[in-house]
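Participant: okay, sequence plus prediction incoming.
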Amino acid sequence: MFGKQKNWFGSSYSKPKNVHSLENLRYLHHVLMKNAVVTDSNRSLLVETLRAISEILIWGDQNDSSVFDFFLEKNMLVYFLKILRQKTSRYICVQLLQTLNILFENIRNETSLYYLLSNNHVNSIIVHKFDFSDEEVLAYYISFLKTLSLKLNSHTIHFFYNEHTNDFALYTEAIKFFNHSESMVRIAVRTLTLNVYKVDDEAMQTYIRNKTAVPYFSNLVWFIGNHVLNLDNCVRNDVDHQSKDRLSTLVAEHLDHLHYVNDILSLGIVRLNDVLTDHLLNRLFIPLYVDSLTRNNGVGSLDSKQQDNHTHISSVVSLFLLSQVFLILKHEPIVSTLADIIFNGNEDTVAQQPTDISGIECEILNGKLRAFVAPEISLEQSMEKVRESAGTPIQSRRRPNYRDVDSPTEKIEYSIPEPMGSSSHSDSKDTDEKSDTTDSNQPVSLVVNNCTDEEKSLAAVTSKTEMTLANRPYLASIFTALKCADSDYSALFSLCLLYAIGSNQGIKRSLLESVCLTNQSENKQYYNMMLIEKLITVMSQACQYSNTKIRPVTLEMSTLLLEQLVCSDVHCYLQDMHLACIEGAKEESNLMLRNFYKGDELFLDMFEDEYQSMKSRPLNVEYLMMDSSLLLPPTATPMTGIDFIKRLPSGELERSRRAIRVFFLLRNHSLKLRKLQETQLPLTKKQELILIGDKLDLSKFIVTVSNTFF
């Protein structure tokens, strides 16, 4: 009656005292065998068993190889699959995914990893139909897939990609969540795809390019575009700065998209980059970003049914987003084509150019056009079709403008179209357009050559009378945005865009010089006179005492752009008359500053503080274009939390600060143009200050004591 009771599951097995041992794994294996069917009574036991198994396997990977031998001998992953295929509770699914995630994340021995990946059980778990409506299940599932992707290399890729059946579950199942509402899920999917693309395996990359690149990139571009429409809608409806947090999130997400695209392009997989470049240019950047430059009153639509080429965003948002594109992307086929369209294209030439065959088609008017359109089917449906066709032989077929990867001997270079303003395109234009087109090697009407004074004057007059932007609507809209009569709202973004284009190393120098943007030229004797005059106008307007519509950041951007256009390392090519105008603007800022000096007791303190602030925090254009608050109309109230240089002054004290900052900016700009060093500022020299604790040597001083009688 007092005999030893049997174990509750009817076995003589007892739990070992040492949890990190082969005996304990045998015990846990027996628990799984006796509890193959999940019930309410053994649910908690199974959860704890799964957790303990992962702990023992990690220990065995580093200390005892017999642990993994037993795990594989008993084929214990099969028990995991059997548990999953039952209608189990979410707790068991979560624990099982967590166990697998911890296991693969901590395994260091390659042999142990190969053992785990053998027998295709991991792929069976990947394709299992989990309940993804449960956020916790989805989170652990995506984390599990990302962990597996970190283990990919030229050896382990064959455990996931089956070349014979043409199946790659790890990749195809993951990209279905590329547009998930949770940002962490999207980030994990991007990380996984980059890990896949990095693997140098010809068969796998051929599969990615032929089977998944078009549906994935077309849906990705459509997702980015709709995100941009949401951003544009937020800007339009938040004139009172009430949705700053949402706008900040949208801008940050757009930056993430661009960095993700840049990461893919930077891998240098040419055949994959061709597909991505085609979709970005023909389905997003040109029809939605560039073509919106001329749509000042265009309204972006959020309705996915409006799949036509009339979907646009506001010109201000377009300038802002294009600035980000040129600051982040350096891929020559993309940035050179975009710059060419902006410099030399117009709405007709954009509309007449057919899109490449890229898996999605849009019949507009009488042909296939560049347009922001939705894919014909969703990515999930595309991946299901890929899985259904798995095992069928890949049929060799060519796609226009794409490298035929089934013919490795064929070499096709991705060609960048020549500038529309060059002679190769002149035959397709009428006579009037020919007369307005300037050859990049002979910039006569757009530039001024610094030779003699007589030639300068003649060239200046000639350029003013002959220069026209009539056949360049996109470039003209950027130049028009530089007008600051009422506000510098769009002028700031126009300056940033021109600066970003000039500093982008992916754009051909000849393309920049075709419109006389001498940013990257070594010899800057020729420069765009119209642009320089507009920049000088911005500087002059900023110095007017009654005009506070130009923010300090706009003035600083105009000085940076002008220096980029006319200054080299050792020489400044700015004309004397333009330099005189800038010197005049500097004198105007001096006069404006004197008005505040007379009536402010704290002027000198502010003067020193503002100078130190300007020197310690130089303007970084890339960081500037991350600031979502710039997309909202300029405000004067400091209650918005916007930095002082990015908003209008509020009150007399901030007007004084603005006048001081304008003076410093123009003084520093003048010195750079004249290649001079600052010798007078700051007023307080640190080396001349006497610090607390310093010893004074009075022997060097002569003290004279005198009596004064009144």
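Facilitator: Received the coordinates, thanks.

Participant: switch to C-alpha atoms for all contacts and neighbour counts from now on
Facilitator: Will do.

Participant: where's residue 613, which helix or strand?
Facilitator: If you go by DSSP states H and E, residue 613 is part of helix 603-616.

Participant: following that helix, which helix or strand comes up?
Facilitator: Following helix 603-616 in sequence, per DSSP H and E, is helix 621-624.

Participant: now that next one - C-alpha only, PDB.
Facilitator: The C-alpha coordinates for helix 621-624 follow below in PDB (Å, rounded to 0.1, in the frame of the first residue of the first chain):
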ATOM      1  CA  VAL A 621      21.800  68.700 -45.800                       C
ATOM      2  CA  GLU A 622      21.100  64.900 -45.400                       C
ATOM      3  CA  TYR A 623      20.100  65.400 -41.800                       C
ATOM      4  CA  LEU A 624      18.000  68.500 -42.700                       C
END
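
Participant: what is it packed up against?
Facilitator: If you count contacts as 3 or more CA pairs under 8 Å, 6 or more residues apart in numbering; DSSP states H and E, helix 621-624 packs onto no helix or strand.

Participant: which positions within it qualify as buried?
Facilitator: residue 621 (16 or more other CA atoms under 10 Å).

Participant: average pLDDT for that helix?
Facilitator: The pLDDT scores in helix 621-624 average 96.

Participant: who touches the helix holding residue 613?
Facilitator: By CA atoms under 8 Å, 6 or more residues apart in numbering, the residues outside helix 603-616 that reach it are 596, 597, 656, 657, 660, 661, 664, 682, 683, 684.

Participant: how about the contacts made by the second one?
Facilitator: To tie it back to what came earlier, the one meant is residue 597. residue 603.

Participant: read off the pLDDT value for it.
Facilitator: 78.

Participant: residue 589 versus that one, what's the distance?
Facilitator: To residue 589, residue 597 is 12 Å away according to CA to CA, to the nearest Å.

Participant: so where do the helices sit in the stretch 201-350 of the chain?
Facilitator: Applying DSSP state H, counting those that start in this stretch to the stretch 201-350 of the chain gives helices spanning 202-207, 213-236, 244-266, 270-280, 315-328, 332-344, 347-352.

Participant: low-confidence ranges in the chain?
Facilitator: The chain contains residues with pLDDT under 70 at 1-13, 239, 241, 296-310, 349, 351-369, 389-468, 598-601, 687-688, 698-710.

Participant: go ahead and flag the most central residue of it.
Facilitator: The chain has residue 258 as the residue nearest its centroid, 2.9 Å off, counting by CA atoms, centre = their mean.

Participant: and that residue, how far is that from residue 224?
Facilitator: 9 Å.

Participant: go on, residue 127?
Facilitator: Taking CA to CA, one finds residue 127 at 27 Å from residue 224.

Participant: settle it for me: which of those two has more neighbours?
Facilitator: residue 224 (18 against 12; other CA atoms under 10 Å).

Participant: spit out the contact partners of the more buried one.
Facilitator: Here residue 224 is in contact with 254, 257 (criterion: CA under 8 Å, 6+ apart).

Participant: give me the neighbour count for the closest residue in space to residue 289 that isn't next to it in sequence.
Facilitator: The shortest distance from residue 289 to any residue other than its chain neighbours is 5.3 Å, reached at residue 318 (CA to CA, 6 or more residues apart in numbering). By other CA under 10 Å, the residues close to residue 318 number 27.
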